[in-house]
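> Provided below for reference: sequence and predicted model.
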Amino acid sequence: HVAAWSKRLKATKKDASEYDVVIMALSLANEGFPHCGGEQERKELVQYYLTGLREICAMLRTRMAPNARLVLGGPYANNGYSPAHYK
């Protein structure tokens, strides 16, 4: 969950400068996307997810070495999506 990772990162000052690569992967499914009722609810959740993901990336980058790579994993498959989720 975006909120859980954001909270964890804010609560700790763990240094990641020893790593050449940091991998971060979150999914809209973990935020409840398959259960959104309508288009507006889906749009709001997507915006929340993207804002949180950007915040997490920014926090991670400040803890990484300048030449390190931050790799973002994409959403994984979920059978709970309908055609409306792909718009």
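Cool, the structure landed.

> going forward, measure contacts and count neighbours with C-alpha atoms only.
OK.

> Show me what the top helix by length along the chain packs onto, helices and strands only.
What stands out as the longest helix in the chain, according to DSSP state H, is helix 39-63. Here helix 39-63 touches helix 2-11, going by 3 or more C-alpha pairs under 8 Å, 6 or more residues apart in numbering; DSSP states H and E.

> Just the angle for the helix it packs on relative to helix 39-63, thanks.
Following axes from the mean of the first three to the mean of the last three C-alpha atoms, to 10 degrees, one obtains 20 degrees for the angle between helix 2-11 and helix 39-63.

> Make residue 1 into 8 and carry on from there
All set: I'll call the first residue 8, so the last point we hit is now helix 9-18.

> For helix 9-18, what is the distance to the chain centroid?
11 Å (C-alpha atoms, centre = their mean, to the nearest Å).

> what about the chain, any weak spots by pLDDT?
Residues of the chain that meet the criterion pLDDT under 70 lie in 82-84.

> 80 instead, please
Within the chain, the stretches with pLDDT under 80 are 81-94.

> gap between residue 89 and residue 34?
For residue 89, the distance to residue 34 equals 16 Å [C-alpha to C-alpha, to the nearest Å].

> Which of the two has more residues huddled nearby?
A direct count of neighbours by other C-alpha atoms under 10 Å for residue 89 and residue 34 places residue 34 higher, at 18 against 10.

> The more buried one contacts residue 81, correct?
Yes: between residue 34 and residue 81 there is a contact under C-alpha atoms under 8 Å: 7.1 Å.

> check contacts around residue 71.
If you count contacts by C-alpha atoms under 8 Å, 6 or more residues apart in numbering, residue 71 has them with 22, 23, 24, 25, 26.

> are any of the residues you listed buried, and which?
Buried by 16 or more other C-alpha atoms under 10 Å: 23, 24, out of these.

> Quick check: of the contacts of residue 71, which lies closest to residue 42?
In terms of C-alpha to C-alpha, no member of the contacts of residue 71 lies closer to residue 42 than residue 23, at 34.9 Å.
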